[in-house]
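A.B. asks: For reference, the sequence and a predicted model appear below.
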Amino acid sequence: MKVLQINKLYYPHVGGVENHVRSLSVGLKDRADVRVLCANDGPRIAHDVVDGIEVTRLPNLYAGLSAPVAPAFLRRLPDGACDIQHLHFPSGFPEIALANAGRKVAKAIVVTYHSDIVRQKRLGRLFQPFAEKLLARADRIIVGSPNLIYNSRLLGQVKAVKDKCVVIPFGVDPKAFEVTDQVARKVEGIKATYGDRLVFFLGRLIYYKGVDHLIRAMTEVKGMLLVGGTGPLEGKLKALAQEIGVADKVVFLGSITEDERSAYYRACDVFVLPSVEPSEAYGLAQVEAHMCGKPVVSTRLPTGVPFVNRDGVTGFVVPPADDKALARALNNLLDDEGLRLEMGERARERALAEFTIDRMVDRTIEVYSDVLSGRRPQWARGLSQ
C-alpha cells in the first residue's frame, strides 16, 4: 500500500499537527510505503529522509511557517501516484490542490480534520469553498474526537460529509513516559526544588492557551505552578504574576525537552490545560499527563479537549476563562490525595486503552483498507465511551 501524507509542514516539535503527522508516519512505515509531501521553510525544493521516511519539501514563498505559501502543490500533487493521499487539514495550498485535482491522483483521498480555521476569519471565508469541495471529494474524514463532528461548521452541517467521518483518537508512545532511573532522579530533584502541591502546565505561551487565567487562579491556590514552554506572551505573563502578587509561586521553566517532559509530568500532582479558544483542538498534553497517571484540569471547549479529559473521571473540566472555577478544581485535587490518585489511575488506564500510537495506527490502517475495498465507514468502531 502506497500512502502519501500531506501537510503544510513536517518539522518535529513545530506544533501539535506536525507532531501527529510525524508519529502517524513513523507508525505506518513498517506496514505501508509512506512518503511525506509538505512545504519547505524557504523558496527551494528539498528532498530528505526523516525517521526513515522520504520527505519532499516544496518551495515556500512566505517566511511565516504557520501559513506557508507553496503554489507548487497545485502542480506537484498529480505526479504522486499512490493508493492513498492522506491530507491533514487545515494546510492551505494542499487543500486547494486536492480540491481541484483529478481523481487520478490517488485511488482514495483520506482527510484528517484537525480543526476549523478559527482565528483567521477572513482567510477562512475565502478558503471555505475549497474546503467544502475537498470534503465532498474525500473518501473518508478522520477526526480525533466526536466533539469536532458535532461542533465543526464544515463537518456537522452536511449529512454526506458527516457520514464519511470516523473517530480515531490521537495517540502518544507509552514508552516515552516510562519511569527510568534518570526520570526518577529528575523527579526527586524537581520535588526537592519546588516542594509539594505542584501544578504543571506545558505548552506554547500564546493567546488561546489561557495561561493568564491560570496565573490569576493561583491567587486562590495553595501550591506551586510550574509553567513549561515559551512563546510571545511570556513577558506579559511574567509581568502579570508580579503584578498580582503570585510571582513567588509561579515558575517559568522555559523550553522543556522530550527527555524532561516525563519527569515533570511525574513530579506534578495535577496537570492543567486552561485553554480558552477552539484553536485548542485536542490538547495532546493531556494524554501525556494521563499516561503518567496524573489527573487533569481542562476547559469545556467545543473541541476534543473535554473528550480526552472526562469530567469527574480522569480529572475536572471547567468553563473556559473562569479563574475561580479553575482554582476550585485545582484545590479539590490538591487537597484530596485519594481522589487525585483514583482519577490518575483511571486516566492512565484510559490512555493505555485508547490513546496510544499503536492503537491510532491500527485504526488508520483499517480506514485505508475500508476505503480501498469500498466498505462503508464505521463511525466509532472499537471506541470505548
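C.D. replies: Yep, it's here.
A.B. asks: Could you use CA atoms for every contact and neighbour count after this?
C.D. replies: Will do.
A.B. asks: So Q85: helix, strand or coil?
C.D. replies: Three-state call for Q85 (DSSP: H, G, I helix; E, B strand; the rest coil): strand.
A.B. asks: Check V296 and give its pLDDT.
C.D. replies: We have a pLDDT of 98 for V296.
A.B. asks: Beta-bridge partners for it, please?
C.D. replies: When bridges are called by DSSP bridges, V296 pairs up with F271, G315.
A.B. asks: D269 is in contact with that one, correct?
C.D. replies: No - assessed by Cα atoms under 8 Å, V296 is found out of contact with D269, at 9.3 Å.
A.B. asks: neighbour-wise, which of these two wins?
C.D. replies: For V296 versus D269, the count of surrounding residues by other Cα atoms under 10 Å is larger for V296: 34 against 24.
A.B. asks: ok, now how distant is that one from G16?
C.D. replies: 18 Å (Cα to Cα, to the nearest Å).
A.B. asks: One more: A285?
C.D. replies: Per Cα to Cα, A285 is found 9 Å from G16.
A.B. asks: can you check G189 too?
C.D. replies: G189 is 29 Å from G16, by Cα to Cα.
A.B. asks: which of those two has more neighbours?
C.D. replies: Set G189 next to G16 and count neighbours by other Cα under 10 Å: G16 wins out with 18 against 14.
A.B. asks: so what's that one up against?
C.D. replies: Shown in contact with G16 (Cα atoms under 8 Å, 6 or more residues apart in numbering): L284.
A.B. asks: so how far is the helix or strand of the chain with the lowest mean pLDDT off the chain centroid?
C.D. replies: The weakest-scoring helix or strand in the chain, judged by mean pLDDT, DSSP states H and E, is helix 73-76 (a mean of 74). On the basis of Cα atoms, centre = their mean, to the nearest Å, helix 73-76 sits 27 Å off its chain's mean C-alpha point.
A.B. asks: Could you give me the buried positions within it?
C.D. replies: 73-74 (16 or more other Cα atoms under 10 Å).
A.B. asks: by contact count, what packs against it?
C.D. replies: In terms of contacts (3 or more Cα pairs under 8 Å, 6 or more residues apart in numbering; DSSP states H and E), helix 73-76 is packed against helix 93-100.
A.B. asks: relative to helix 93-100, how tilted is the helix or strand just after the helix it packs on?
C.D. replies: The helix or strand immediately downstream of helix 93-100 is strand 106-113, counting by DSSP states H and E. Strand 106-113 runs at 130 degrees relative to helix 93-100, counting by axes from the mean of the first three to the mean of the last three Cα atoms, to 10 degrees.
A.B. asks: anything in contact with each of A285 and G16?
C.D. replies: Counting by Cα under 8 Å, 6+ apart, nothing touches both A285 and G16.
A.B. asks: In the stretch 151-300 of the chain, mark out all the strands, start to finish.
C.D. replies: Counting by DSSP state E, counting those that start in this stretch, the stretch 151-300 of the chain has strands at residues 165-167, 198-202, 224-228, 250-254, 270-273, 296-299.
A.B. asks: what's the neighbour count on the nearest residue to H213 once chain neighbours are set aside?
C.D. replies: The shortest distance from H213 to any non-neighbouring residue, by Cα to Cα, 6 or more residues apart in numbering, is to D323 (5.4 Å). D323 has 21 neighbouring residues, counting by other Cα under 10 Å.
A.B. asks: quick one, what contacts D323?
C.D. replies: Going by Cα under 8 Å, 6+ apart, D323 touches 213-214, 216-217.
A.B. asks: Is G344 in a helix, a strand, or coil?
C.D. replies: Quick answer, by three-state DSSP: G344 is helix.
A.B. asks: Quick one: neighbours of it, just the number.
C.D. replies: By other Cα under 10 Å, 25 other residues sit near G344.
A.B. asks: For A108, give me its contacts.
C.D. replies: Contacts of A108 (Cα under 8 Å, 6+ apart): 83-85, 138-139, 371-372.
A.B. asks: 7 Å - rerun?
C.D. replies: Counting by Cα atoms under 7 Å, 6 or more residues apart in numbering, A108 makes contact with 83-85, 139, 371-372.
A.B. asks: From those residues, pick the one nearest L74.
C.D. replies: Q85 (14.3 Å; Cα to Cα).
A.B. asks: Tell me the confidence at the closest one?
C.D. replies: Value for Q85, per-residue pLDDT: 91.
A.B. asks: do the same with S275
C.D. replies: For S275, pLDDT reads 97.
A.B. asks: What about F271, how many residues nearby?
C.D. replies: Neighbours of F271 (other Cα under 10 Å): 28.
A.B. asks: F200 is in contact with that one, correct?
C.D. replies: Yes - between F271 and F200 there is a contact at 4.9 Å, judged by Cα atoms under 7 Å.
A.B. asks: overlap in contacts of those two?
C.D. replies: By Cα under 7 Å, 6+ apart, no residue touches both F271 and F200.
A.B. asks: Quick check: most distant residue from the centroid of the chain.
C.D. replies: What lies farthest from the middle of the chain is G245; by Cα atoms, centre = their mean that is 32.7 Å.
A.B. asks: How much space separates that residue from K238?
C.D. replies: In this view, G245 and K238 are 11 Å apart by Cα to Cα.
A.B. asks: what do you get for I53?
C.D. replies: For I53 relative to K238 (Cα to Cα), the value is 41 Å.
A.B. asks: Deepest in the core, which of the strands of the stretch 151-300 of the chain is it.
C.D. replies: strand 296-299 (a mean of 28; mean count of other Cα atoms under 10 Å).
A.B. asks: Name the residues that touch it?
C.D. replies: 270-275, 286, 306, 309, 314-320, 329-330.
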